[in-house]
Each structure stands twice: as structure tokens, then as C-alpha cells.
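A.B. asks: this one's structure only:
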């Protein structure tokens, strides 16, 4: 699934920094609740407000969740040290952020995309979130605002920052990476991964280079991306901007840029020269984190099966490619699918139903009833349309597919009844029939759809479309068409 | 009357806590005007608290080992609902919503907080002249400084305003003023006393400790405030040490080393400079007293201590530059309004911080800056490691070490305010213990040529407070 070049002759190189809020009960360094929403400045305490004299105490659960992330991304779990990242910003209560710098808890690892490609992970480290500013007036930007309101409920919420290698080559890659990462984080219980609530945030490092070259171009970091869709747009905009610069003889300057959803452009926030000097140094109020091998093993033992392994398992059972099982795994219906196939159901039909007819969940559907339904369908007792109806009943109320089919009066129609119906419809629509008999392939397909539609309407969907088509073809042959 | 015997009398119902508090408030009334030990005297609160204690005692309760004993708190210790200024305009009027752990422990032991004491702004200084609220004077000679930065606490104890006080010690801020005011002052092992609620200066160096008029009272107070606190991640997971139990054990058989590098003098080539002859003479006399009490006393070498001052004045300001960033006018304390948030930060900090604080913020910011980090902060951390290694080596041969606490006796107000380097040199003997994280304490031992007190510093390896206090008790007994 290698990506089509976005801009002919150019390769886009993308590395992502994903911040995910860890699903702890309390904050990273204090017992204030870690909760989204709520009245502003209610989930706070001296530590999350950075009051003088307050001290951070590390939340063990945050470390455990970070290790879960590390294990799921095949990272090296290592001794880590917290550091202070110093810069002034009103919504950062201490005017430094406790983060990890040269010794992150998770070292290099990798993430496997559904198509089997691996994206390198450079590190995944722990840090605390800042508060949230609302700039009132001046279009919501700090420099023009009349005043600003700050909510510290988010201040001190534990984050894991997952930094990828520059291994992605376009917006599709980036989307696939973020989707997969999100699926992993949710699967292992590390984060709820909600981009719309800001519990998962993505910064994109984008650079371009001429196709066939290997040297990395100058990158720009794009911030303020709030959805997968805007990520794709931002990457495409930014890549084109850089290519345009180079093609018009200019150079790309290393910058931090701000994605604006409304105008669909990225805007310069600061250049490399204006970048903060964060003056990192080891956080003296905390001690190094040295997870024991025993603890890591304990955590590993509680990890659920990861999406990539679930895709492989289902692919093996269904005899398809792992990438063909991605949607089923994403929907969390791979267990159901595996069990249904194991109960003898046709794998292709099972996957089709999961992908097309179970978008809203499996409800009361069990593997046994699902398998029985698919057996009726493949045995010719139910048409595809009828099977879909019965499936909806099984989802809604469970039970036995035969009984549901009977309630709807779904019984295999007598072929002679169907023949009579087809003959009557042919007589009623002579022009359409002429089109079917004498038309080209396209016309014939169109008219076949027309007649099948009429039959279905007349039989309330009980007819088997396959059989109707056979009848139409036979009548045409009989008329010498 | 000692704090220990006062508490005993109050617990036994022989004295009321109210009478103890009233007696001390009367002394404060008479002399605070000339000393200025306090930023805030909590007279009403102390009397209310005393009455409450008296009622509980009448009901048969035992409020604890400090029942009814007034304690003065350095004004960088958070007290719930009570002004905590750090001697700075930038925190003027700020009332913390919580008590420091040490304040909670004092309350749990029946103590009465009698006031918040003056200090060099954010504990940066050695004379208490850097307070935004005016200097504190030495009760023994009001033309002289009490030392600093915990000068208010030292003066309060020396003047009889309170039998006990707490200070904080980042580079000598308890021991040096204790020496200059003739009191006992202790810097415990780093992590022995919780820092929760101490407004941070140099987080890896700060430690809260007691002032008292006797070694015994200092031991009593340290026992109360010490011990593990889950709210401070650097707190040592051990119970508070038993110090009083071993106080009378003496020094028989202990090996005590006189640190050559901290003695100065003509025959000490590789030594710090500026140790006054009269101070050196007293320390040597103290060494003899310990030998007379049965200790083996020899010269010891801890070579890298001479670099301690330089390393300290990079590490402490580096940490301070980060710790003090939060005073930005956004959430608490002073705010000087301006057009933008960044300009408001600058205006607030420009107006709110004094010169010495600004100097150290600049020093520390520079030391951590890209391109300079390795040469300054990085290198000073290496010196710190060297000092720790040198101490470890010395403690293979010695149980305790000995040195002057301060290079001189108390100096006149204004004497060193024009020359920061001269002021910094006050801490040359005390800084190494902070860099090593080890305990040390100052014990009064006679006086200098000017008749003002000299302090002898007893240094011990980590967690060896009990041994340190034994030697201190011997020195107290032998003091001229």
C-alpha cells in the first residue's frame, strides 16, 4: 500500500509527535482528579497550581501505563530521569514543565501498520500537561486578546509523548500510523485516545526532498492539529508550501507552524532562532524511575492481545491478508468473527457482514446465531437482503435466526411463482425489456438492475437476486436475444 | 528554661501554655522593635492556641513533646491562611492554602507558632540584609548582622522571643546565623526533614532544621519534625531518629577529623581563605576538648571542599532560576499590569524581586543556557560528585569531621552588602555539607576577640545525626 506521490517528483517525509493523556484516576504528580470537563479550576490542588512550597509526587499508575505503551510498541524500557523544561507561559503554573529529556522511560521501538510496514519509534516519554488558556477578544490569539482565562483542570494531567522516526511518506501513512497508535493505546487501556477532546494530540514534522534523494530536507513542525482529517490537510498544505518554496528558488526555514482549520493554511509561529532555550536540567524534586524486571514482566503479563496480533489471528482463520481484517479488528469484532468462522460459517460472508452490517455494534449477536445465519444464507434459504434483516434482529434481540426468518415470512420463494412474476413484469415494461435483450453490456446491466429492483419491491426483498438474473437471462435466450 | 523542661511542666499541668506564651510575647514586646526578628508576630493566634492546649491538658490529653512551647518559623515555610512572604515584595500578602509538613508536625507535637521570622529574600543571603522588609539585627550587638539567611529565626532564639525556631539551610543558612547569634543550629541529612511547604530555593540542597539554645532542645525539635513524608519524593523512608536517647553517650572512642582545607591559616596551603585567627583558635580548642573527652582527633583532608563555593554558586542559582519562575504575576502575589502577558511577567518580576534574587536568577539562567550548560552547570555537578567522593573517603577514617561554621564572628550591618563575593564567602565552610547531602550543625564555642560568639561546625555522614549530636553535647559542655 505504498503511497502515491502527493506532488510528482517529490517525496514527503513525516515524523509525528503524539501526546496522549494517560487514563489515570489522579494527576501525574498529585492526588487531584484527572478528569475531562468539569467547572474550570475545580480539579486542582497546590501541586497542579504550582503553589510555592508544593512538591511533585510521581503517580505510579502513570508509570505503569507508560510501560504498557512501551511494551506495546516494542520499546526498550529503561531507567529514566525527569527533567525540567523551562519556559514562561501563563497556563503553565510553575513556568516549567516536568518532562523527560535525555533519559526517557521508553527507548527505541516500532509500530506495525495494518499493511505490515513498520514505523520506527524513537522514544515514548512521560510528561505533565499544562493548563488551558482561552484568549478573549482579538480572534483568540494571545497577542491580540483583551484578556485571557486560564483553566488549570488539565494542568498536571499525565501525558505520554510518542515520537516516531521520520518514516512516513504522506498523509495516508500518517493517518494509518495515528489510527493504529490510537487503537493500541485504547486496547491496552493507556488512554481513551479522543482527539476531539484533546486527550490525543498530534504535532507533525514535515519535510520534502526530491524523489530518489536520501538526505532529509529542512523540517517544519506543524501544531494545532485536532483531527485525523485536519492532519491530512495540514500535511498536504505544508508539503506543497515547501515544494513551492524550493521550486521558486527559495529555501525552507526550520520553523514551528500553526495549522489554521478555517483558512486551511499553516502559519509561522516561530523560527529556529526564536525557538525557546528550554534549559533542561534534572528535576531535583523527583528521584529516577527504575522499574524492576519483575514489575515489567508483571505488566507484560496483563497486556491484552494487540491489534496487529488480532489481525494476524483473524487473517489466519479467515485465510485472507491481515490488512483485510483491519476494519473488523478496529470494530473490536474479531473475537466474534473468529468464533463464528470456527463454528463453520463462511469466512468471506462473516467479514462482509461485519464490515457492512455491524457498524453500530454486535449487540445480542452470538457466534452461534451468526454462524447459523450465514449457513442459511450460503445454503440458499435466505437471500443477502433477508440475511441482513435477520442479522439486524439478532443484533437487537438475539435468538434463533430461523425463528426471525419465519416471523418475516422469509421462506425460499417457489421458483414458479418467481417465473410468473418475472413474465408479468416483462410484459408490463416492454421498452425496458427491449433494452435488456438488445442493448449493449452497459444497457443490459442497467436494465437487469431495473428488473431485479421491481422483483424485490414486489416480493418485499424475499426473492434471491441471483435467481432473478438467471430467469431474465433464460427468457432473453428463449426469445433469441 | 529549656523547651524540653517547659514542655514537661506544661504537660504535667504545672504551668499553663498561656503563661508560657504570654511570657515570650512580653519579651517580644520589649525588644522586637530594635531586633526586627519577625515579619509577623502571631500574638492572638498563639494565645488562642495556648488556651486550646490548656483546655486539652485539663481534659487529660497529652498534646505532645512540645506542649505549649513557642516556635518561630522562618517566613518561607507555608502556614495555612497566614502570610508567607519569603522576605519578598513579590509574595507580600500571599496566604498559602496549606501548612508545610513541618508545621503540621509541630502542631501534632503541641507546639505554638508564635511568628514568622525575617530572612534574606527567598533565603538568598548571609546577613538577612536582603529582606524586602528591612534587616534583622543581632541581639548580642544590634550594630551587627545576625547572619543569614535564617537571621530572623536565629535572632528570635538568641533574644529569647522563642525557645525554638525553624530555618532552612541551602548553603549554611541555619548554621551560619546560629554561629553568629550564639545558638545551636542544625542542617539535617538531605531528605531527613520533609521539604513539603518550604518555598524552594535550591531544591537539591534545601533542608529545614532547628534553632535552639541548647543541643538537647535542638535534638528534641529535630525528632519532632524529622521522618518520612510521602509528599516529598526526596524524603528518606525512615522514621525520625532517636537523638535525645544517646545525647549523654559522649565521644569516647570516636574518630574526629579537623578538616584542613576549611581551617585557613599560614601552614594550610590548600585551604580556603578568610578564616579569622580567633575563629581558628576556638575550633582548635574545640578539637582539644573532644580529645580530652576521649575522642581521637586528627587532621583530615577533604580536598575538593575548596571548590564547593564555586560549584554551589552555579547549582543553587540554576535551581533557583527555575524554582522562582512561577512568580510571574499570574496566580498569586504581586502583579504589575502591562499590555501583554510577557510584559506583565517582566514588570512584575522587575518590581517584585530584589537585586540579589535577580542576580542569582541571571546567574542560574546563564549556567543552564544552551552552549554554557556543560561548562557551568555540568561541571559544577562534577565538583559536587567529587566532594561527595572526598567525604566518603574521609569517613572511612573518621566518624565525624570538624571545622569553623563561619569564617568570622558577626560583622557590622552594611559591611559586605556592596561586595557579593565577600558576602558569599561567609558560607565557604557550610556549603560542602549541602553539596554532599550530609548533616552538620553549629555549636557555640566561646567567643572571638570582639566578644561575639564563635560557632564550631560538626559534620557527619548521611543519617549519622545521633553521633553528631553526641559530639555537639560534649562541645556544649566544654565550651569556655
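C.D. replies: Nice, I can see it. Since the model is a prediction, treat every value here as computed from it, not as a measurement. Numbers count the residues shown, from 1 in each chain, chains lettered A, B, ... in the order given.
A.B. asks: Helix or strand: which one has residue B:221?
C.D. replies: helix B:215-225 (DSSP states H and E).
A.B. asks: Tell me which helix or strand comes right after that helix.
C.D. replies: Past helix B:215-225, the next helix or strand by DSSP H and E is strand B:255-259.
A.B. asks: quick one: low-confidence parts of chain B?
C.D. replies: Across chain B, the ranges flagged by pLDDT under 70 are B:266-269.
A.B. asks: quick one, domains of it?
C.D. replies: Per automatic domain parsing, the domain ranges recorded for chain B read B:3-232, B:247-309+B:376-478.
A.B. asks: Which pLDDT value belongs to residue A:480?
C.D. replies: Confidence at residue A:480, expressed as pLDDT, is 64.
A.B. asks: got a list of contacts for stretch B:411-422?
C.D. replies: The contact list for stretch B:411-422 (Cβ atoms under 8 Å, 6 or more residues apart in numbering or on different chains) reads B:126-127, B:129, B:135, B:137, B:143-145, B:356, B:359, B:423, B:426. (Each C-beta comes from the backbone N, C-alpha and C, glycine too.)
A.B. asks: and the two most separated of those residues?
C.D. replies: For these, the farthest-apart pair by Cβ to Cβ is B:143 and B:359; their separation is 26.1 Å.
A.B. asks: Mind checking which of these two has more residues around it?
C.D. replies: Taking other Cβ atoms under 10 Å in any protein chain shown, residue B:143 and residue B:359 do not tie; residue B:359 has more neighbours (14 against 11).
A.B. asks: residue contacts, the residue nearest to residue A:193 when sequence neighbours are not counted?
C.D. replies: Distances taken as Cβ to Cβ, 6 or more residues apart in numbering or on different chains put residue A:182 closest to residue A:193, at 4.1 Å, once the chain neighbours are dropped. Residue A:182 sits next to A:193, A:195, A:200 when contact means Cβ under 8 Å, 6+ apart.
A.B. asks: before we move on, what about residue A:209?
C.D. replies: A:10-11, A:13, A:215-217.
A.B. asks: next one: residue B:123
C.D. replies: B:74, B:76, B:86, B:149-150, B:168, B:170, B:173, B:201, B:206.
A.B. asks: returning to what we had before: so how far is residue A:337 from the residue nearest to residue A:193?
C.D. replies: 21 Å (Cβ to Cβ, to the nearest Å).
A.B. asks: And for residue B:69?
C.D. replies: 74 Å.
A.B. asks: do the same with residue B:317
C.D. replies: Taking Cβ to Cβ, one finds residue B:317 at 63 Å from residue A:337.
A.B. asks: So which residues of the stretch 301-450 of chain B form helices?
C.D. replies: Per DSSP state H, counting those that start in this stretch, the stretch 301-450 of chain B carries helices over the ranges B:308-323, B:341-352, B:355-368, B:379-397, B:420-424, B:431-436.
A.B. asks: Can you classify residue A:83 as helix, strand or coil?
C.D. replies: Applying DSSP: H, G, I helix; E, B strand; the rest coil to residue A:83 yields a three-state assignment of strand.
A.B. asks: Show me what it bridges to in the sheet.
C.D. replies: residue A:99, residue A:282 (DSSP bridges).
A.B. asks: Just give the nearest non-adjacent residue to residue A:461, would you?
C.D. replies: Per Cβ to Cβ, 6+ apart, closest to residue A:461 is residue A:385, 4.4 Å.
A.B. asks: Name the helix or strand for that neighbour, please.
C.D. replies: helix A:384-397.
A.B. asks: What's the mean pLDDT across that helix?
C.D. replies: Helix A:384-397 shows a mean pLDDT of 91.
A.B. asks: Just the residues contacting that helix, thanks.
C.D. replies: With Cβ under 8 Å, 6+ apart, helix A:384-397 has contacts from A:353, A:357-358, A:360-366, A:369-370, A:373-374, A:376-377, A:382, A:399, A:401, A:404-405, A:407-408, A:410, A:456, A:461-462, A:465.
A.B. asks: After whatever helix or strand residue A:14 lives in, heading C-terminal, what element do we hit next?
C.D. replies: Per DSSP H and E: residue A:14 is located in strand A:10-21. Scanning forward in sequence from strand A:10-21 by DSSP H and E, the next helix or strand is helix A:60-72.
A.B. asks: mind giving me the domain split of chain A?
C.D. replies: Domain ranges of chain A: A:10-300, A:307-407, A:415-478, per automatic domain parsing.
A.B. asks: Let me know which of the helices of the stretch 301-450 of chain B is tucked in deepest.
C.D. replies: helix B:431-436 (a mean of 29; mean count of other Cβ atoms under 10 Å in any protein chain shown).
A.B. asks: And that helix, what does it pack against?
C.D. replies: Contact here means 3 or more Cβ pairs under 8 Å, 6 or more residues apart in numbering or on different chains; DSSP states H and E; on that basis helix B:431-436 packs against helix B:308-323, helix B:379-397.
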